[in-house]
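Engineer: Show me how the following folds:
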Amino acid sequence: MVTLSKIYTRGGDKGETSLSDGSRRPKTDPLIEAYGAVDETNAALGLVRLHTDGDADEMLGRIQNDLFDLGADLATPHAESYKWEPLRIVDAQVVRLENEIDGMNERLEPLKSFILPGGTPAAAHLHLARTLCRRAERLMWRAAEDAEISAAALKYVNRLSDHLFVLGRILNDEGKADVLWTPGANR
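Structural biologist: Numbering: from 1, shown residues only. Predicted coordinates:
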């Protein structure tokens, strides 16, 4: 468990931040950008949860916890040995997302158009979270050019954006309140 007795450290005042192993990286490093985007996604999910309850809220609670796991995974450089067992995203977390997506998708009619972000407040916030998640994924792939990022972490963030999309449809009255794109409607 983490204990935070002091919130500011002044360690980042010169444009660097620490990874979990104590190594320092510039705040502009792609890896730091990636886990910052994961944090943004998590914050957006906090807004979604102001408008959810029941199963949807429980799923989002698990996802928010997973996103902290993902941040810890990204903040812990891969090494041959560790002083402690690092927290990593595991395939079971990806499978859970896939199972939840499949279960929700069974309740939905197939799409006949793309969906415009909107509908209910929960769905609109989920669309924003989904786009932030896609940015996190792009940044994770950029970071993976120079740092080792596990396949499970990359799969998780990819699957998560799909999950948020499908959950948005569920929270739009199981797709009945989806706002559909009409190509060329305003020409």
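Engineer: where along this protein do the strands fall?
Structural biologist: 16-18, 24-26, 115-116, 179-180 (DSSP state E).
Engineer: Figure out how far the longest helix anywhere in the chain is from the centre of its chain.
Structural biologist: Longest helix in the chain, counting residues (DSSP state H): helix 121-143. Centroid displacement of helix 121-143 relative to its chain, using C-alpha atoms, centre = their mean, to the nearest Å, is 6 Å.
Engineer: Packing partners of it?
Structural biologist: Applying 3 or more C-beta pairs under 8 Å, 6 or more residues apart in numbering; DSSP states H and E, one finds that helix 121-143 contacts helix 30-48, helix 54-74, helix 151-171. Backbone N, C-alpha and C define where each C-beta goes, glycine included.
Engineer: buried stuff in the shortest one?
Structural biologist: By neighbour count, with 16 or more other C-beta atoms under 10 Å as the criterion, the buried positions of helix 30-48 are 30-42, 44-45, 48.
Engineer: What of stretch 96-105?
Structural biologist: 96, 97, 100, 101, 104.
Engineer: cool, stretch 63-83 as well?
Structural biologist: For stretch 63-83, by 16+ other C-beta under 10 Å, it's 63, 64, 66, 67, 69, 70, 71, 72, 73, 74, 75, 76.
Engineer: now, among those, which is nearest to residue 129?
Structural biologist: Of all the buried residues of stretch 63-83, residue 63 has the smallest distance to residue 129: 9.3 Å, by C-beta to C-beta.
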